[in-house]
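[1] Here is a sequence together with a model predicted from it:
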Number of protein chains: 2
Amino acid sequence: METPDAITCLSALAHEGRMEVFRLLVRAGPEGLAAGEIAQSTGALSNTLSTNLGILSRAGLVASRRDGRSIIYTAAFGRMRELLAFLMEDCCAGKPEVCAPLAAMVSQPCSAEGSAC
Amino acid sequence: METPDAITCLSALAHEGRMEVFRLLVRAGPEGLAAGEIAQSTGALSNTLSTNLGILSRAGLVASRRDGRSIIYTAAFGRMRELLAFLMEDCCAGKPEVCAPLAAMVSQPCSAEGSAC
DNA sequence: TTGACGACTCTAGAATTCTCGAAATATAGA
DNA sequence: TCTATATTTCGAGAATTCTAGAGTCGTCAA
């Protein structure tokens, strides 16, 4: 991922409402959630939510598909991975040992103590 | 890390100039760089840079110490790790396999193909 | 075709962020 | 003390972002 894309992704996530939406979609998994369901879960107005979904979508962090009258949004895990990889380059550039604890953490099964999952 | 702190960190990094400064400091390592050196490297005006260093500092992403007339800034690796951990919780929540490629990537030595370092 | 519904777009005002010139503060050396 | 250097703080204008009301578009069912 190039720097301008990373900036766009970071800006998209640097907003409480959008972060909440993204986390919700991550938890929803590949099935995703309809815009209306997201609005209901978060209490956001539909037009405000639509704007924020558009920002996440333009950043590539969510994908959407139409299902009848609803539009279903899903988290774009691949894009998020790219963003994390970009940030890790910064975090441990020239200092691989710096990121080692993170790698260990994310390698653990979800049930383990200190797991990130 | 709590959500509001993560938002603050993301906002701090979601800016081309501040991202450049942060990457510079990561590469500089624990010795850090004086504000003036950063200004020279990035071409930023001293007052603008000072504002941006203040934003990074308030987010906890850089630390500073005075050395004579200079103020030396260093990247706060621990804080960056916390931020990455926070984002990983989102990325692989309930889906540990999603983050596995990242873990593999960051586990590799810096010289390896596809290494993050 | 009509009505209802779900979602998006348009628009404008409020709020925040960004940048930079000017001034202030802190330190070192003569 | 006086001067020079390094950095921060102050203040204002420009630009961007945020939010929400109103209206529009697309889809479904009768």
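    Perfect, thanks for sending it.

[2] Single out the residue in chain A that lies closest to DNA strand C.
    Proximity of chain A to DNA strand C (CB to the nearest atom of the strand) peaks at A:G36, 2.3 Å away. All C-beta spots, glycine's among them, are computed from the backbone N, C-alpha and C.

[3] so what's that residue closest to, chain neighbours aside?
    Nearest residue to A:G36, sequence neighbours excluded (CB to CB, 6 or more residues apart in numbering or on different chains): A:S70, at 6.5 Å.

[4] What of A:T8?
    A:A59 is the one closest to A:T8 (CB to CB, 6+ apart), at 4.8 Å.

[5] pLDDT wise, what is the one you found at?
    At A:A59, the predicted lDDT confidence score is 98.

[6] close to chain B, is the longest helix along chain A?
    Once chain A is assigned using DSSP state H, the helix that runs over the most residues is helix A:77-92. Yes: judged by CB under 8 Å from any CB of the partner chain, helix A:77-92 and chain B are in contact via A:77, A:80-81, A:83-85, A:87-92.

[7] for that helix, the distance to its chain's centre please.
    Distance of helix A:77-92 from the chain centroid (CA atoms, centre = their mean, to the nearest Å) equals 12 Å.

[8] Extract the C-alpha trace of stretch A:65-74 and format it as CSV.
    C-alpha atoms of stretch A:65-74 as CSV (Å, rounded to 0.1, in the frame of the first residue of the first chain):
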residue,chain,number,x,y,z
ARG,A,65,-23.6,-5.4,-2.7
ARG,A,66,-27.3,-4.9,-3.4
ASP,A,67,-29.8,-7.4,-2.0
GLY,A,68,-33.3,-6.4,-3.1
ARG,A,69,-34.0,-3.0,-1.5
SER,A,70,-31.1,-3.4,0.9
ILE,A,71,-27.5,-2.7,0.4
ILE,A,72,-25.2,-5.1,2.3
TYR,A,73,-21.9,-3.9,3.6
THR,A,74,-18.9,-6.1,4.4
